[in-house]
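# please find the sequence and the predicted model below.
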Amino acid sequence: MNEIIFFGLNDYPKLIKNKPEIITKPIQFKFENENENENEKQIKQISSGIFSTIFLFKNGKAIEYLDENELNQNPEKIQIEENIQKVTVGFKNEAILTIEGNVFAKGYNINSKNPNQFINISSLIEDKNDRIIEDIVSGDYSIYLLTSNQNVYGIGLNQFGQLGFDFKTLKKTKKPILMMKNVSKIFSGNSSNHVFLLNSDQELFGCGANESRQLGLGKSIIKQDWKIYKLTQIQNIPNCKIIDIQCGKRHSIMLIEEEDENENPKIILYSCGSNQYNGLGKNQNSYEFTEIKSSLFENDDNILDFSVGEFHTLILTSNSKLIGFGYNDSGQLGTGDINNQPIPIQIELPKLRFNENISNYHIYCGFSRSFLYYSPLSFSNLEEDLIKLFRRKEFCNISFKTENGEIIEAHKLILKYRLKDQNQNQNEKLKEIISKKSIKESNQIFEMIYSNNSKINPKLYSEIKEIINSNEKIEETMKKIYLNENENENENEKDFIIERKEKQYKFPKLILIMRSELYRGMFLSVTNDTSNKVTDYSELSNKSFEIFEYWIYSNQIKDGIEITQEIIDEIQIGIDYFQLNQTNPNLFDLLIRKFNNQKQKETKKKKKRKSKKENCLIF
């Protein structure tokens, strides 16, 4: 079921018939032909540029409204054979990321001969083993691709240096060009000509347009240097975890997580750039990232979602507040007027059908329009998650070579369950089949193997069906564990039972799965699905085990717990044993931070005692 709230510019393209070009108060958005199966699917994502808006559904299909279609005002289905997992729209470009890791894009800066035709731009990457894409982001005139090898490529215009090269040597590229390696996240915006890249060490780099100091490099950058052609590290930022950065035309908004004085995590917004159109949430320009302060962000409020348009920003909080600031010439703030708002104000929310689940709502800001839409978390995307799983190289332990010499990597553990006979012969048969296929066909084969989806390509399925385990018991088991469903009344079967000398510990499977980014807990549970018992052979102390248990449930470390190096070492052993994702440093970040804070506090106490003693001696 869909719920979409819309306000702002209702033109270029026309999204709602028989409504004015400017809609200043939030109204319900309904698709034409709402009864069609396609439109009954739940919304997964919305992306909107000046001349097009795309709605992505959770079934992997998408529709787009185009300015060229203003006469009939009907959306068109995006004709991509593969299932779509993300869409992104810039000024005059669109990009589609599929589950298979391919990126299809269109636009004048991508394909000048036929700008309305989607082409596979990921296949244009020179390194054949770097063509599986994990994420895409659009800039105003460019598109950025993050590969499974954590490399970032850019394609499109480079007139401001937004691709990380001097404009004199590279004005435009029609194939993706390598910008930076070892990147974990890309940040940009559909109206921006600057980009930020975050590496695995949480170091932030930026390049592109900087005429309004939107890169946050500070006053030291001379006035003439308003185009930053080289990726430059951003030094003047808070020493905290960066959650997200979204870029407008001449400003940037950063969401960070830091600890308050009681060491509790706190979500804070920072901004930098020009305040010409009131986009910073404060009454002044800011050459570096500085906090957006407002009484509306109360201590008991948590920022659930935020989005940045060309010059406006919207924020959704856990207390069901919709907060906004910035340019409002088309009613994009939803205040009922077209007055700009220089500082954060609360916007009256319409009556929502699913208001009790406010955390399932998302905000999206286009150039001069805004959407609030209902998109509940779903644990039914098992197939998509399984396909993503084999993209991660750090957990791959078997390789297959395609006909073009490209490498596909996979997991022996999954193949063990999915291939009929658990022996080397089936792997050899699979290698033989893969060696005669392209990388696209090979990806589809693995999608079938991993997800048991035979609908993609019946011809390919017929070639491998003899070696695939047709018994669906494994899939059913995985889904039950994944959804935490069990017809058996025995509640213990929904849990991992950890037997210890002192007592039993219960861990819900679903929580373990969610805590493990790569769902390794799911496969561990499949291997133990008859008894659901795991014997704890690591010699964790009770204190260490209780810390681990508390973190599993809350993703936090208990206040008042004393952390020692022995506890950190013990829990490392425990994490190794439970096969949770060791690339996620969340638990150890918390432990080490607590440990260091304890040491700092103890050092301060010692200094105070020493100071008092010295003062006593003086008198």
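Received the coordinates, thanks.

# wait, residue 265 sits on residue 257?
Yes - counting by CB atoms under 8 Å, residue 265 does reach residue 257; the two are 5.4 Å apart. (Each C-beta comes from the backbone N, C-alpha and C, glycine too.)

# residue 28 and residue 324, how far apart?
From residue 28 over to residue 324 the distance is 19 Å, taken as CB to CB, to the nearest Å.

# which positions in stretch 306-322 come out as buried?
Neighbour counts using 16 or more other CB atoms under 10 Å place 306-317, 321-322 of stretch 306-322 among the buried residues.

# which single one of these is nearest to residue 542?
residue 317 (38.7 Å; CB to CB).

# excluding its backbone neighbours, what's nearest the closest one?
Of all residues not flanking residue 317 in the chain, residue 301 sits nearest, at 4.4 Å (CB to CB, 6 or more residues apart in numbering).

# count of neighbours near the one you found?
Neighbours of residue 301 under the rule other CB atoms under 10 Å: 16.

# same check on residue 596?
Counted with other CB under 10 Å, residue 596 comes out at 11.

# for residue 376, give its distance to residue 589.
Residue 376 is 29 Å from residue 589, by CB to CB.

# for the residue nearest to residue 317, give its distance to residue 294.
Residue 301 is 10 Å from residue 294, by CB to CB.

# same question, residue 360
25 Å.

# residue 408 now?
50 Å.

# kindly report the same for residue 591.
33 Å.

# comparing the two, which shows the higher neighbour count?
residue 591 (22 against 17).

# pretty sure residue 202 is touching residue 239, no?
No - Residue 202 is not in contact with residue 239 according to CB under 8 Å; the separation is 9.1 Å.

# more neighbours: which of those two?
Counting neighbours by other CB under 10 Å for residue 202 and for residue 239 shows that residue 202 has the greater number, 13 against 7.

# looking at the buried residues of stretch 306-322, which is nearest residue 285?
residue 311 (13.7 Å).

# for that closest one, give me the pLDDT.
Note for residue 311: predicted pLDDT of 97.

# now do the phi/psi pair for it.
phi -140, psi 20 (degrees, to the nearest 10).

# from what I can see it touches residue 280, true?
No - in this structure residue 311 lies outside contact range of residue 280 using CB under 8 Å: 9.9 Å.

# now do the shared contacts for those two.
residue 251 (CB atoms under 8 Å, 6 or more residues apart in numbering).

# got a list of what residue 325 touches?
Residue 325 makes contact with 278, 279, 281, 312, 313, 333, 341, 342, 343, 344, 345, according to CB under 8 Å, 6+ apart.

# now those residues in TSV, with secondary structure and distance to residue 2?
TSV is the format used below for the contacts of residue 325 (DSSP: H, G, I helix; E, B strand; the rest coil; distance: CB to CB, whole Å):
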residue	secondary structure	distance to residue 2
278	coil	32
279	coil	30
281	coil	31
312	strand	24
313	strand	25
333	coil	23
341	strand	29
342	strand	34
343	strand	33
344	strand	29
345	strand	28
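
# which of those residues are buried?
Applying 16+ other CB under 10 Å to the contacts of residue 325 flags 278, 279, 281, 312, 313, 333, 341, 342, 344 as buried.

# against residue 185, how distant is the last one?
Right, residue 344. 25 Å.

# again with the second one
Computed as CB to CB, the residue 279 to residue 185 distance reads 22 Å.

# again with the fourth one
The spacing between residue 312 and residue 185, counted by CB to CB, is 23 Å.

# which of the helices or strands spans the residue lying closest to residue 592 once chain neighbours are set aside?
Leaving aside its chain neighbours, residue 592 sits nearest to residue 568 (6.8 Å; criterion: CB to CB, 6+ apart). Assessed by DSSP states H and E, residue 568 sits inside helix 565-578.

# before we move on, what about residue 546?
helix 542-554.

# residue 288 now?
Using DSSP H and E, residue 288 maps to strand 286-291.

# same thing with residue 441?
Going by DSSP H and E, residue 441 is in helix 439-451.

# equivalent analysis for residue 594, please.
helix 586-618.

# now that helix: mean pLDDT?
Here helix 586-618 scores 72 as its mean pLDDT.

# and if you look at stretch 186-206?
Summarised as a single mean, pLDDT over stretch 186-206 is 94.

# that one spans what distance, first to last residue?
End-to-end distance for stretch 186-206: 10 Å, by CA to CA, to the nearest Å.

# buried residues in that stretch, which are they?
Residues of stretch 186-206 classed as buried: 186-199, 204-206 (neighbour count, 16+ other CB under 10 Å).
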